[in-house]
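Novice: I'll drop the sequence and a predicted model, then ask my questions.
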Amino acid sequence: MEQPNALITVAEAEEVIQVKTGPFSVLRTPMMIILGLAIVAIVTLLIMLVLSLRGSRTGIEAAVPFLDKTTIEDLQVP
């Protein structure tokens with residue numbers, strides 16, 4: 001039963017609902033989780049890179065050996 005003084009018809013309301021839900025609305029949450037994890041990983045790597053460039057030992061030298069400040073390490077005890 002449709003009211004004659006309504007600002008929007010039932011058909012228009014259903015059209016708006018279909019547009020808002022769309023085919024990609026199901027993928028929205030997993031994509032947000034993946035994007036969030038990617039951002040956290042990238043920021044963590046950037047922080048480790050900056051710390052390594054400042055001379056701190058972060059362990060990233062194993063993956064990126066050119067960041068290691070000491071060029072020669074001696075394994076023998078003097």
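Specialist: Here it is on my side, so go on.

Novice: just give me the neighbour total for M32.
Specialist: 10 (other CB atoms under 10 Å). Glycine gets a C-beta too; all of them are placed from N, C-alpha and C.

Novice: roughly how far apart are it and E12?
Specialist: Separation of M32 from E12 (CB to CB, to the nearest Å): 30 Å.

Novice: again, but for A6
Specialist: On the measure of CB to CB, A6 and E12 end up 9 Å apart.

Novice: helices of this structure, start to end?
Specialist: Using DSSP state H, the helices of the chain run over 10-21, 28-53.

Novice: pull the first one out as PDB, backbone CA atoms only.
Specialist: What that stands for is helix 10-21. Provided in PDB are the C-alpha atoms of helix 10-21 (Å, rounded to 0.1, in the frame of the first residue of the first chain):
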ATOM      1  CA  VAL A  10       8.900   1.700  -3.000                       C
ATOM      2  CA  ALA A  11      10.600   1.000  -6.300                       C
ATOM      3  CA  GLU A  12      13.000   3.900  -5.800                       C
ATOM      4  CA  ALA A  13      13.800   2.700  -2.300                       C
ATOM      5  CA  GLU A  14      14.600  -0.800  -3.600                       C
ATOM      6  CA  GLU A  15      16.800   0.700  -6.300                       C
ATOM      7  CA  VAL A  16      18.800   2.600  -3.700                       C
ATOM      8  CA  ILE A  17      19.200  -0.500  -1.600                       C
ATOM      9  CA  GLN A  18      20.500  -2.500  -4.500                       C
ATOM     10  CA  VAL A  19      23.000   0.200  -5.500                       C
ATOM     11  CA  LYS A  20      24.400   0.300  -1.900                       C
ATOM     12  CA  THR A  21      24.800  -3.400  -1.600                       C
END
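
Novice: okay, V50: pLDDT?
Specialist: At V50, the pLDDT value in this model is 82.

Novice: go on, G36?
Specialist: pLDDT, G36: 97.

Novice: what about it, neighbour count?
Specialist: 10.

Novice: what's the answer for L51, then?
Specialist: Counted with other CB under 10 Å, L51 comes out at 14.

Novice: could you measure it against S25, distance?
Specialist: Note on L51: its distance to S25, by CB to CB, is 40 Å.
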